[in-house]
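J.: Sharing a sequence plus its predicted fold:
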Amino acid sequence: MNGFKYLFHNNNNCAFMGVKVRMAPMEPAWDAVPEMCRAALRDWDKAVVGLGDELMSILCEGLGVKSDKWKELSCLDTRVSLCHYYPPCPEPDLTIGLTAHTDPGVLTILVQNEVGGLLQVKCGEDWADVEAVPGAIVVNIGDLLQMISNDEYKSVMHRVLANPVEGARVSIAEFFNPSVRENRYGPFPELISDEKPTVYREFTYGEYIRRFFNKELDGKTLTNFYRIDNTKA
Ligand SMILES: O=C(O)CCC(=O)C(=O)O
Ligand SMILES: [Fe+2]
């Protein structure tokens, strides 16, 4: 089915189920998406696409490069929506909702329902709860953005605990990724100087994404793989 998947559990046997729809660059086969969430998913995608553009322009300005710099690399052209459903778990101490990871792409925009306190972000050695604030949107910097920003922005390690309460936790994420596999990625040249040499070597998006799908998620990031050890220069 073009661009649509049910995920009943993922490789790490996490305690969630999900529906994944690739929204762009190709339109999904909407007929294959369950009718009950078709319109909502279409509206969600429409609502976040502009927000992604706007956030990325602000983030580029923050780096001191031109605000549409990200367009040169088709940074946001692939969009994947992933709806997560974390059912109540009778033994939450024995499993995890979603294992610790950083998002591999550029940006993630996420909303969650009122069952909060399960999404956590790593702060130093500790985990901090991301409370469910009505109307709030969670934005994650992904590994690719960390690398193209030459470490000015840091991707966020996060996880979801198994759900100990009666009601289900629901979240919807939109992942923004590049689309052109041949494009070469590395820190924006404008950010490189003698004082701040490049922290990452270049790679193609195709190579990057292949590596991502061939590794375990738990606690590891791809950024270390592409990092140059400047202390040895
Ligand atoms: O459900 C959540 O809040 C987080 C989901 C997530 O981190 C992911 O799918 O990458
Ligand atoms: Fe994530």
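T.: Perfect, I can see it now. Ligands and ions are numbered 1, 2, ... in the order given.

J.: what comes up buried for the helix or strand encompassing Ala40?
T.: Using DSSP states H and E, Ala40 maps to helix 35-63. Residues of helix 35-63 classed as buried: 41-42, 44-45, 48-49, 52-53, 55-57, 59-60, 63 (neighbour count, 16 or more other CB atoms under 10 Å). Placement of C-beta: from N, CA and C, glycine included.

J.: for the residue of the chain found nearest ligand 1, helix, strand, or coil?
T.: Ligand 1 sits closest to Ser171 of the chain, with a gap of 3.6 Å, by CB to the nearest ligand atom. Secondary structure, DSSP: H, G, I helix; E, B strand; the rest coil: Ser171 is strand.

J.: count of neighbours near the nearest residue to it once chain neighbours are set aside?
T.: Ranked by CB to CB, 6 or more residues apart in numbering and with sequence neighbours excluded, the top spatial neighbour of Ser171 is Gln112, at 4.2 Å. For Gln112, the tally of surrounding residues (other CB atoms under 10 Å) stands at 23.

J.: Need the pLDDT of Gln112.
T.: As predicted, Gln112 sits at a pLDDT of 95.

J.: just Leu94 next, same as before
T.: 89.

J.: ok so, going back, which residues touch the residue of the chain closest to ligand 1?
T.: 83-84, 86, 110-113, 119, 160 (CB atoms under 8 Å, 6 or more residues apart in numbering).

J.: and what of Ser179?
T.: 24-25, 74, 77-78.
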